[in-house]
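Provided below are the primary sequence and the corresponding predicted coordinates.
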Amino acid sequence: MADPARDADPSIAVSDLSLGYPAHSGGSAFTAVEGVSFEIRQGSVLALLGESGSGKSTLTRFLAGRGDEAGEKASRIRVNGGEAQVLGVQLRGIGRRARTRLTAHVGHLAQDAGATLAPDLNVGDILLSPIVERNKRFDRELLGEQIAEMMDIVGLPLSKLQEYPYELSKGQRQRVAVMRSIILGPAVYFADEPTLGVDANNRPRIVDLLGWYRERSGATLVLVSHDIGMLEALGQKVLVMQQGRVVGEGDIDEIFRQADHGYVRQLAQALRATAYDEVAEA
Ligand SMILES: Nc1ncnc2c1ncn2[C@@H]1O[C@H](COP(=O)(O)OP(=O)(O)OP(=O)(O)O)[C@@H](O)[C@H]1O
């Protein structure tokens, strides 16, 4: 099996992919993603939109190589058909070691990641832990500078490095989770609702951090988000999902203007309404 190629182009290639969950507790197997195809050029940004339950988290978790990770067997994602390549590595049938080699280059911010920070570590150790786990010998000075720069971008004072998750607000915890998810310098990065639950004043700080990261790393980003500020600042191509299928695809403005699918029209209206709410809130 090929080693991951950080400069593979496209970074992500998905063809007729169908994903599901195994049958459990008397229920039947469930198809969450059906016949999805798309490609993402290296260094570009894709926004994934769609109503709750449309398959966005399932798709991103699988493509991030974390389809098997969610502990319980019932949460493990199964490939029902099609294929997907990330950094040139075929995900279908991938073995454990090849997956570990791949995920070293692929970042994933799970939904509500701020809520699952290690409770017994302070913020400094939370940020360092992915690096320490990988390699005990690292350039502390360089990393310290990078952490200080990130803390500044997200508007957290350096004194927060000594605090524990329970001492932080929900929005502060989410900002720490986002910093942690990019600290290893992934070539492909998936973020599931990175600004969800963060107040309107602090959402742009997360957007700034992701923009900063993209600029310095040239990484490919996939953002699951309905945050209009984030989509306008970072989004290029948009994929709209409904009930596991792709129902709209294109440039963000194009989707809003020319959507011929009723659901895409509704979504565009909902997003505009959100944007107006935020203007009203400010
Ligand atoms: N472990 C599981 N077992 C069975 N079905 C699941 C499991 N996890 C998710 N699903 C189902 O898969 C479908 C897609 O869920 P998914 O979380 O991918 O959607 P989503 O678009 O990310 O939704 P949200 O925006 O609410 O996070 C849903 O119908 C959901 O109920």
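Structure's in. What do you need?

Buried residues, stretch 109-122. List them.
Within stretch 109-122, the residues that qualify as buried are 109, 110, 111, 113, 114, 117, 122, counting by 16 or more other CB atoms under 10 Å. For the C-beta atoms, the positions are set from N, CA and C on the backbone; glycine is no exception.

now swap in stretch 94-104 and tell me
Here stretch 94-104 shows 94, 98, 99, 101, 102, 103 as buried, counting by 16+ other CB under 10 Å.

my guess is the third one meets residue 67, correct?
To tie it back to what came earlier, the one meant is residue 99. No. Judged on CB atoms under 8 Å, residue 99 makes no contact with residue 67 at a distance of 9.1 Å.

can you put the buried residues of stretch 94-104 in CSV and add pLDDT and distance to residue 80?
Shown next, in CSV, are the buried residues of stretch 94-104 (pLDDT from 0 to 100; distance: CB to CB, whole Å):
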residue, pLDDT, distance to residue 80
94, 91, 16
98, 93, 21
99, 93, 19
101, 93, 25
102, 95, 21
103, 94, 22
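
Throw those residues into CSV and include distance to residue 74 and secondary structure, thanks.
Shown next, in CSV, are these (distance: CB to CB, whole Å; DSSP: H, G, I helix; E, B strand; the rest coil):
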residue, distance to residue 74, secondary structure
94, 21, coil
98, 24, helix
99, 20, helix
101, 27, helix
102, 24, helix
103, 22, helix
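
where do the strands sit along the stretch 151-282 of the chain?
Remark: strands assigned in the stretch 151-282 of the chain by DSSP state E, counting those that start in this stretch are 188-192, 220-224, 237-242, 245-251.

Show me what the first one packs onto, helices and strands only.
Same thing as strand 188-192. Helices and strands touching strand 188-192, by 3 or more CB pairs under 8 Å, 6 or more residues apart in numbering; DSSP states H and E, are helix 56-63, strand 106-109, helix 170-182, strand 220-224.

Check which helices and strands the third one sits against.
Contact analysis of helix 170-182 by 3+ CB pairs under 8 Å, 6+ apart lists strand 106-109, helix 123-134, helix 140-153, strand 188-192, helix 203-217 as its packing neighbours.

of the ones you listed, which approaches the ligand most closely?
Nearest to the ligand among the helices and strands packed on helix 170-182 is strand 188-192 (7.1 Å), distances taken as CB to the nearest ligand atom.

That closest one and the ligand, any residue contact?
No. Shown here: strand 188-192 not in contact with the ligand (CB under 6 Å from any ligand atom), separated by at least 7.1 Å.

Residues contacting that strand, please?
11-12, 56-57, 60-61, 63-64, 86-87, 105-111, 113, 178, 181-182, 210, 213, 219-225 (CB atoms under 8 Å, 6 or more residues apart in numbering).

Can you give me the neighbour number for the residue nearest to residue 115 when sequence neighbours are not counted?
On the basis of CB to CB, 6 or more residues apart in numbering, the spatially nearest residue to residue 115 that is not a chain neighbour turns out to be residue 173, at 7.0 Å. Using other CB atoms under 10 Å, residue 173 is surrounded by 23 other residues.

cool, and the one 3 residues further on?
Counted by other CB under 10 Å, the residues lying close to residue 176 total 24.
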